[in-house]
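Enquirer: Next one to model:
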Amino acid sequence: MSLEIKNLKVEVEGKQIVKGIDLKVGKGKVVALMGPNGSGKSTLSFALMGHPRYKITSGKILLDGKDITNAKPDEKSRAGLFLSFQYPKEISGVTASNFLRTALNTRNKKQISVLDFHKLLQEKMNLLKIDKSFTTRYLNEGFSGGEKKRMEILQMSILEPKIGILDETDSGLDVDSLKIVSEGINKLKKDMGILLITHYQRILDYITPDEVHIIKEGKIVKSGGKELALEVEKKGFQ
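Expert: Got it, this is the predicted structure:
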C-alpha cells in the first residue's frame, strides 16, 4: 500500500507551479511536506486528487503501482486517495450524517445499511471525541475551525483510504483543537499512509513524521527526519 509521485510537474493557468516532485508515502508512515506560502504545497495536493484546474504536464502518480495520473477525482477516491481540505466547505441542507453515509455508499460497491452505518459512525465519533449532535447539523454550517477539521478527519476515518493527504489541517486551530485532531490522525495512521502538508512545525509536536521534506518554488530542496522540522522552526525556510 503506497503512493509514489515521480517527477511530477503541474501548471495552473499556464504557469508552472510544481517543478518536478518525487515523493513516496507508505502504509503506516507519516510524510510531512513543509514550505512557505506559495511554494506549491496546495497545488500538489489538488493535482494529486485530480482537480481540473491543476494540469499535470509530466510525471506520474502511482497508487500501489497502478498509474492514476490522469484518473478523475472520483476514480482516485475509489482507488484509495483522500484529500482533507484546508478550508472545508459549508453545505446547507445536508446533514453531516447523510453526507458521510452517501460518501461511503458512493465509494463502495456494497451498500451499508442505515443501522450498520450509524453504529460505525458512533464508533468513529467516539474515537475522535466528536459530539453526537454534529451528525444532525448541516455539514460544517456554523462549525468552528476546529470542528470543521475534526469533521474532515471523521470523513477520512469513515472512508478508510489507503493514503490520506492532509492539506494544512492545522491551519486556524487553537491548541486544544490541534491536540484532538492530532490524536485522531495518530489513531488512524497505522492503517494508511499520511501526506501531511503544513508550513508550521507545531502539528509535528503531536504527530511524529517518518520523513520531512521542504518545498520551495515548486521543488523539494531538503529532506530529513523530525529534526529538520525543528530546524525550520528555529531558522525559517532558508
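
Enquirer: and the worst-scoring helix or strand of the chain on mean pLDDT, C-alpha only, in PDB?
Expert: The weakest-scoring helix or strand in the chain, judged by mean pLDDT, DSSP states H and E, is helix 226-235 (a mean of 85). What follows is helix 226-235, C-alpha atoms only, in PDB (Å, rounded to 0.1, in the frame of the first residue of the first chain):
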ATOM      1  CA  LYS A 226      11.800  15.300  12.500                       C
ATOM      2  CA  GLU A 227      14.900  17.300  13.400                       C
ATOM      3  CA  LEU A 228      14.500  19.100  10.000                       C
ATOM      4  CA  ALA A 229      11.100  20.500  11.100                       C
ATOM      5  CA  LEU A 230      12.700  21.700  14.300                       C
ATOM      6  CA  GLU A 231      15.400  23.400  12.300                       C
ATOM      7  CA  VAL A 232      12.800  25.200  10.200                       C
ATOM      8  CA  GLU A 233      11.100  26.400  13.400                       C
ATOM      9  CA  LYS A 234      14.300  28.000  14.600                       C
ATOM     10  CA  LYS A 235      15.700  29.300  11.300                       C
END
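
Enquirer: where along this structure do the helices fall?
Expert: Taking DSSP state H, the helices of the chain run over residues 41-49, 73-79, 96-107, 114-127, 145-159, 175-188, 226-235.

Enquirer: Tell me which residues of the fourth one come out buried.
Expert: Right, the one you point to is helix 114-127. Neighbour-count burial for helix 114-127 flags 117, 120-121, 124-125 (criterion: 16 or more other C-beta atoms under 10 Å). Just so you know, the C-beta spots here come from the backbone N, C-alpha and C atoms, and that holds for glycine as well.

Enquirer: Which strands or helices does it pack on?
Expert: Contacts defined by 3 or more C-beta pairs under 8 Å, 6 or more residues apart in numbering; DSSP states H and E place helix 114-127 against helix 96-107, helix 145-159.

Enquirer: Touching the least confident helix or strand of the chain from outside, list them.
Expert: For helix 226-235, contacts defined as C-beta atoms under 8 Å, 6 or more residues apart in numbering pick out 32, 34, 201, 204, 208-209, 212, 214, 222.

Enquirer: same thing but 6 Å
Expert: Defining contact as C-beta atoms under 6 Å, 6 or more residues apart in numbering, one finds that helix 226-235 is touched by 201, 204, 209, 212.

Enquirer: Those: which two are farthest apart?
Expert: Longest distance between any two of the contacts of helix 226-235 is 10.2 Å, between Gln201 and Pro209; criterion C-beta to C-beta.

Enquirer: then stretch 68-87 to CSV, C-alphas only?
Expert: The C-alpha coordinates for stretch 68-87 follow below in CSV (Å, rounded to 0.1, in the frame of the first residue of the first chain):
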residue,chain,number,x,y,z
ILE,A,68,-3.6,7.0,-11.6
THR,A,69,-2.0,10.2,-13.0
ASN,A,70,-4.9,11.1,-15.3
ALA,A,71,-7.7,9.5,-13.4
LYS,A,72,-10.8,11.6,-12.5
PRO,A,73,-11.2,12.7,-8.8
ASP,A,74,-13.9,10.1,-8.1
GLU,A,75,-11.8,7.3,-9.6
LYS,A,76,-8.9,8.4,-7.4
SER,A,77,-11.1,8.4,-4.4
ARG,A,78,-12.4,4.9,-5.1
ALA,A,79,-8.8,3.8,-5.7
GLY,A,80,-7.9,4.9,-2.2
LEU,A,81,-6.9,8.6,-2.1
PHE,A,82,-8.4,11.1,0.3
LEU,A,83,-7.8,14.9,0.5
SER,A,84,-8.6,16.8,3.6
PHE,A,85,-9.2,20.5,2.6
GLN,A,86,-7.5,23.5,4.2
TYR,A,87,-10.9,25.3,4.0
